[in-house]
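In: One predicted model, sequence on top.
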Amino acid sequence: AEPLLKKALAICEKELGADHPEVASNLEVLGSLNAAQGKAVDAENMLKKALNLYEVGLGNESPQLARCANKLGAVCLSQGHLDEAEKCCKQAVEIGEKTGESAELISAYENLAAVLTKAGKTDEAKKAADAAKALKATAKP
């Protein structure tokens, strides 16, 4: 799958320009694949590029930006980069609160709770976990 994703990325960059949101989408998918394959450094690099392109192309409150920030937060957590992970997860939560994307918001709160727990911030972690639980209880199936 990775060679095909890289080819798709190259085509998007050529046809749409390197700063197009569709390029960000391809980078995000490739970053997610890298994360699933245990290639955390590659995943982090791809997701950071995607995050930057989403911010520039779609603005600071897009659901795509929130989703990508949440994924980047999870990757940073897996590498022990707790400050970066917390920043990304909080960004995802903040955007999710504004956009109302409940599934993404639940995931962002769960990731934030995991980051905060790992960082020893148990009170904040409990609040994030409780927020995720409350959203799950009210989310539509």
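Out: Cool, the structure landed.
In: can you give me the helices in this protein?
Out: 2-16, 21-36, 40-58, 63-78, 82-99, 102-118, 122-138 (DSSP state H).
In: Deepest-packed of those, please.
Out: helix 63-78 (a mean of 25; mean count of other CB atoms under 10 Å). Where you see a C-beta, it was placed from the backbone N, CA and C, and this is true even at glycine.
In: In CSV, could you pull the C-alpha coordinates for that one?
Out: Output of helix 63-78 as CSV, limited to C-alpha atoms (Å, rounded to 0.1, in the frame of the first residue of the first chain):
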residue,chain,number,x,y,z
PRO,A,63,-12.3,19.1,11.2
GLN,A,64,-9.4,17.8,9.0
LEU,A,65,-7.0,19.8,11.2
ALA,A,66,-8.5,18.4,14.4
ARG,A,67,-8.3,14.8,13.1
CYS,A,68,-4.7,15.2,12.0
ALA,A,69,-3.7,16.9,15.2
ASN,A,70,-5.2,14.0,17.2
LYS,A,71,-3.3,11.5,15.1
LEU,A,72,-0.1,13.4,15.5
GLY,A,73,-0.7,13.6,19.3
ALA,A,74,-1.1,9.8,19.4
VAL,A,75,2.2,9.3,17.5
CYS,A,76,4.0,11.8,19.7
LEU,A,77,2.7,9.9,22.8
SER,A,78,4.0,6.6,21.4
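In: So for the spatially closest residue to residue 60 that is not a sequence neighbour, what's the pLDDT?
Out: Distance criterion CB to CB, 6 or more residues apart in numbering; nearest residue to residue 60, sequence neighbours excluded, is residue 95 at 7.6 Å. Per-residue pLDDT puts residue 95 at 95.
In: So residue 82 sits against residue 117, correct?
Out: No - assessed by CB atoms under 8 Å, residue 82 is found out of contact with residue 117, at 10.3 Å.
In: ok, and the closest non-adjacent residue to residue 114?
Out: Nearest to residue 114 is residue 77, by CB to CB, 6+ apart, at 6.2 Å.
In: again, but for residue 119
Out: Looking at residue 119 with CB to CB, 6+ apart, the closest residue is residue 82, at 4.7 Å.
In: for residue 28, same thing?
Out: residue 50 (4.2 Å).
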